[in-house]
Each structure stands twice: as C-alpha cells, then as structure tokens.
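below are the sequence and a predicted model; questions follow.
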Amino acid sequence: MTSSRLLVAGAVLLATTLTSPCEGRAQVAAPRRPSIDTIPRPAANPADVATPDAILKALYDVISGPAGAKRDWNRFRSIMLPNARLIPTRPMPNGGASAAVWSADDYSSAAGASLEASGFFEREISRKTEAYGNIMHVFSTYESRRTADLSEKPFARGINSIQLLKDGNRWWVVSIFWDAERPGNEIPAQYLPR
C-alpha cells in the first residue's frame, strides 16, 4: 500500500470512530453497553442514595459489622452503578503497585467471608471532595478495626478514591480505588482530621 493510500485509510478509520469534536479534541466512540436503566439490580433505599453524604454512609455501613454478622450485599449492590468497579492496590517489591479490578459481586465474593468471619468496622475519618455537574470525586480517608470500639487501635488506614454520579434521581458509586497506609506510604496531613 502506498503512503497516500495509508493516509487516506487512516483518515477514513479516524472519521468513522469520531463521535464529536469537543473543544478541538477528537473522541473515540465508546463500545455499546447496556444502559444503567436496563441492567437489573436491587432497589436502593431512597435514603441511602439521596445525597453524597448518605451514599458514603451507606457504603461504610454495609461493609462493617461484628464477627459472625452477615453483610447486606443487596444493599451494597443497590448503591453501586451496575458496572461499578472496586480497585484495591497492592504494593510491589519494586516500589510500585499492582491493582485488581473487581465488580461489586467480585468484591462480595472475595472479601465477604473474611469481613463476616473476623469482624470489620471501617469508618471515614476525613474527606476531600471535588464536584462538577453530576460527577463527584471523594478522597475518603478511612480507618479499619475488628470491633466498633473506637478506643481499639485501627489495624489499617488508607484512602478510598470514590467516584460518584448523580443520574437526576439519585447518587451512584461508580468506582472505589484504594490504597492502604504503610511504611513509606503514610497518609499526608492534608487528608487527616484537623
């Protein structure tokens, strides 16, 4: 193929993948996926999804509980966008990190038994929020204990990076991406309670 034919073929391919110019930037068409309105999911308690504060409270409440207590995984799924992702990070020996990408069902399968067996209480201790239109990003600093006793020393702390969406009627958790505090990865003062 000559270089001019390659150029034309590339231009045709580009033209067929563009959806619209946005401030001079081309956007590639996203693959067709089911609308959030067509994927079955448990009905949410309206109080859980009415505000960003409410959905974050529901998120921490639903994963927390004493040893032996079943978690309400339908409530958990009801606050999550059907295609929501939960992404825990793990430190690597080279100083970087790896990440697993889970659905809400993957998370409940992977973590549920452990949370229920040993007791797990996670609470938010600080929050930084940025919002624009119908989207919100929350840096939610957490601490985790085995019991609800706040005098117990937390066994873990870290930051949940949570993305929220308002669809006009309610809030949804779109994703939760988190990293735990550890030596060399201390939580900066700006993300701790003042």
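Structure's in. What do you need?

now the helices for the protein?
3-17, 52-63, 73-79, 104-118 (DSSP state H).

which secondary structure elements does the third one contact?
For helix 73-79, the contact count by 3 or more CB pairs under 8 Å, 6 or more residues apart in numbering; DSSP states H and E identifies helix 52-63, helix 104-118, strand 171-180 as packing neighbours. From N, CA and C alone the C-beta is placed, and that goes for glycine too.

could you list the residues in contact with the shortest one?
So the one you mean is strand 171-180. 36, 49-52, 54-55, 59, 79-81, 84-89, 97, 99, 142, 156-166, 185 (CB atoms under 8 Å, 6 or more residues apart in numbering).

could you check the angle it makes with helix 104-118?
Relative orientation of strand 171-180 with respect to helix 104-118: 60 degrees, computed using axes from the mean of the first three to the mean of the last three CA atoms, to 10 degrees.

mind listing what Pro42 touches?
Counting by CB under 8 Å, 6+ apart, Pro42 touches Asn74, Arg75, Arg77, Ser78.

now the closest residue to the second one other than its chain neighbours: how far from Phe120?
Right, Arg75. If you skip the residues right next to it in sequence, Arg75 has Val62 as its closest partner in space, 5.0 Å away by CB to CB, 6 or more residues apart in numbering. Distance of Val62 to Phe120, given as CB to CB, to the nearest Å: 11 Å.

same drill for the two, tell me which one is more crowded.
When Val62 and Phe120 are compared on other CB atoms under 10 Å, the one with more neighbours turns out to be Phe120, at 22 against 19.

for that one, give me its contacts.
Residues in contact with Phe120 (CB under 8 Å, 6+ apart) are Ile63, Ser64, Gly65, Ser114, Ser144, Arg145, Arg146.

would you list the residues you listed in a markdown table and tack on distance to Tyr191?
Below are those laid out as a markdown table (distance: CB to CB, whole Å):
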| residue | distance to Tyr191 |
| --- | --- |
| Ile63 | 20 |
| Ser64 | 21 |
| Gly65 | 26 |
| Ser114 | 26 |
| Ser144 | 16 |
| Arg145 | 19 |
| Arg146 | 23 |
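
would you format these as JSON lines with neighbour count and distance to Ala131 included?
Conversion of the contacts of Phe120 to JSON lines gives the following (neighbours: other CB atoms under 10 Å; distance: CB to CB, whole Å):
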{"residue": "Ile63", "neighbour count": "20", "distance to Ala131": "24"}
{"residue": "Ser64", "neighbour count": "18", "distance to Ala131": "26"}
{"residue": "Gly65", "neighbour count": "17", "distance to Ala131": "30"}
{"residue": "Ser114", "neighbour count": "9", "distance to Ala131": "33"}
{"residue": "Ser144", "neighbour count": "17", "distance to Ala131": "26"}
{"residue": "Arg145", "neighbour count": "19", "distance to Ala131": "30"}
{"residue": "Arg146", "neighbour count": "14", "distance to Ala131": "34"}
